[in-house]
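# Structure of the sequence below:
(2 chains)
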Amino acid sequence: MSVTSDMEARLRALMLKALDGDAGAYRTLLEELRRMLRPYFARRLTPELAANSDDLVQETLMAIHTRRLTYDRAQPLTAWVHAIARYKLIDHFRRARVRATVPLEDDAALFARDEAGDASARMDVDAVLSTLPARPAELIRQTRLEGASIAEAAARTGMSESAVKVSIHRGLRSLADRFGGRSDE
Amino acid sequence: MSDELLDRLTADLKPTPPRALQARLFGWAGLGAVLSAIIMLLWLGPRPDMMQAPGTMMFWTKFGYTAIFAIVGGIAALNLARPGGRLGPQVLVLAALVLLVGAGGLVQLMLMGPDQMSNLVMGNTALRCPFYIVALSAPIYGAIVLAMRRAAAPTNPTLAGFAAGLFAGGAGVWIYAFHCTENGMPFIAIWYTAGVLATALLGALIGRFALRW
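Down below sits the predicted model:
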């Protein structure tokens, strides 16, 4: 006998006793169901809603209690419990007006990156920067493309912050002159 | 979560007989049907030829057609009152029944000839009939939906409302048949069915909101 069918048989036996009024069996059954329902909801709720997991366990146990006459004794108990838990979960999503989505900051991973476009843009930038002397080109790359602050770039190159600013400014000006764009410095 | 809830639920446990759900739903529905029968008798009145009617085949055709709707609809409503319940074969059975009576209607039209056409299809009450059916079904629908709200666990409230409407419509049109003197099979196939279907669709609409739990 497999683990699940073993569990089904045990829980169903408890339920049948409970329906006949055996409080001890009922108490054991509720404890077992509570243990099963906790991970069921916890795993299906997004981090923001995880706090509601206990409420859902409670609501499901109450529904199992008040609507226990809908259990058909000839049917598997776990399927019945699962259908109730699933309904409560969907109902919760509906009320919380959330859909089954990933958080916004995670959605970038859903889209395949356009590697070819990235590569050609990178080559254009490299070509432009190579027209500058090595130092201003490197500083512009660090601060404008890789997101380093002036202070970080200064620390990395051993220059003073004002020297870094001047070097970037001159580099950008000379690029603007050469390519007809407008420096934003 | 504390054990307080489990203590409370355990203390509240009362024995639940195997057919408790059926007893609950159809007990309430029975009260609704009695109310609906009283309304029919006081408002519309039984057919004037009530004593002779059981001697005709049409009386029993209407009796059977509407009774099957009520029984099959009742099975569907019971299934959908349970979590995970589906509306499976019941709809097929009812569709086959409608086709069967519709085919009977066509045969009757061919046998009786064109001058009987209007009488068999429209009768005298065609446009009133579906509204009466919905009206007589309403108390039954209300009763079974109230029972469902308290004790049932329909995981598809819209479909459960539809099934409750099929059942209430079937029971309502069965009661209506004791008032109605129409004798055309085509009339039954069209207007009785329209009344039941309207009840079921209204039932689905109401159930969608009323049967959440």
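# Could you use CA atoms for every contact and neighbour count after this?
Noted.
# Low-confidence ranges, chain A, go.
By pLDDT under 70, the weakly predicted segments of chain A are A:1-3, A:98-123, A:180-185.
# let's go with 50 and repeat that
Applying pLDDT under 50 to chain A flags residues A:106-113, A:183-185.
# got the residues of it near chain B?
A:18-21, A:23, A:26-27, A:30-31, A:54, A:58, A:62, A:65-67, A:69-73, A:80, A:83-84, A:87 (C-alpha under 8 Å from any C-alpha of the partner chain).
# ok, now with 7 Å
A:19-21, A:23, A:26-27, A:30, A:54, A:65-67, A:69-70, A:80, A:83-84, A:87 (C-alpha under 7 Å from any C-alpha of the partner chain).
# Keep only those of those residues that are in helices.
Counting by DSSP state H, the residues of chain A next to chain B place A:19, A:23, A:26-27, A:30, A:54, A:65-66, A:80, A:83-84, A:87 in helices.
# Now the two most distant members of the residues you listed.
Between any two of those, the greatest separation by C-alpha to C-alpha is 26.4 Å, found for A:23 and A:87.
# Which single residue in chain B comes nearest to chain A?
residue B:15 (4.3 Å; C-alpha to the nearest C-alpha).
# what's stretch A:54-64 in contact with?
Applying C-alpha atoms under 7 Å, 6 or more residues apart in numbering or on different chains, the contact partners of stretch A:54-64 are A:34, A:37-38, A:84-85, A:88, B:1.
# Show me the helices in chain A, by range?
Secondary structure of chain A (DSSP H): helices at A:3-19, A:23-44, A:53-66, A:77-95, A:115-129, A:134-140, A:150-157, A:161-179.
# okay, these in a markdown table with mean neighbour count next?
Below are those laid out as a markdown table (neighbours: other C-alpha atoms under 10 Å in any protein chain shown):
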| stretch | mean neighbour count |
| --- | --- |
| helix A:3-19 | 16 |
| helix A:23-44 | 17 |
| helix A:53-66 | 19 |
| helix A:77-95 | 18 |
| helix A:115-129 | 12 |
| helix A:134-140 | 18 |
| helix A:150-157 | 16 |
| helix A:161-179 | 16 |
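# of those, which approaches residue B:117 most closely?
Of all these, helix A:77-95 sits nearest to residue B:117, with 50.9 Å by C-alpha to C-alpha.
# what sits up against the helix or strand of chain B with the lowest mean pLDDT?
For chain B, using mean pLDDT, DSSP states H and E, the weakest element among its helices and strands is helix B:117-121, scoring a mean of 90. Contact with helix B:117-121 is made by B:109, B:183-187, as judged by C-alpha under 7 Å, 6+ apart.
# in that helix, what counts as buried?
Within helix B:117-121, the residues scored as buried using 16 or more other C-alpha atoms under 10 Å in any protein chain shown are B:117, B:119-121.
# For it, C-alpha coordinates in PDB please.
Taking C-alpha atoms only, helix B:117-121 is exported to PDB below (Å, rounded to 0.1, in the frame of the first residue of the first chain):
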ATOM      1  CA  MET B 117     -50.500  23.800 -36.600                       C
ATOM      2  CA  SER B 118     -51.300  27.000 -34.600                       C
ATOM      3  CA  ASN B 119     -53.200  25.100 -32.000                       C
ATOM      4  CA  LEU B 120     -50.500  22.600 -31.400                       C
ATOM      5  CA  VAL B 121     -47.600  25.000 -31.400                       C
END
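# Next, count neighbours for the closest residue to the residue of chain B closest to chain A other than its chain neighbours.
In this structure, residue B:15 finds its nearest non-sequential neighbour in residue A:21, 4.3 Å apart by C-alpha to C-alpha, 6 or more residues apart in numbering or on different chains. For residue A:21, the count of nearby residues is 17 (other C-alpha atoms under 10 Å in any protein chain shown).
# which ones are touching residue A:21?
By C-alpha under 7 Å, 6+ apart, the contact set of residue A:21 is B:13-15.
# now do residue B:76
B:87, B:90, B:163.
# Domain ranges for chain A, per the record?
A:3-95, A:115-179 (automatic domain parsing).
# Now find how far off-centre the longest one is within its chain.
Right, the one you point to is domain A:3-95. Relative to its chain's centre, domain A:3-95 lies at 27 Å (C-alpha atoms, centre = their mean, to the nearest Å).
# And for the last one?
Mean-position distance between domain A:115-179 and its chain equals 35 Å (C-alpha atoms, centre = their mean).
# of all of chain A, which residue lies closest to chain B?
Residue of chain A nearest chain B, by C-alpha to the nearest C-alpha: residue A:21 (4.3 Å).
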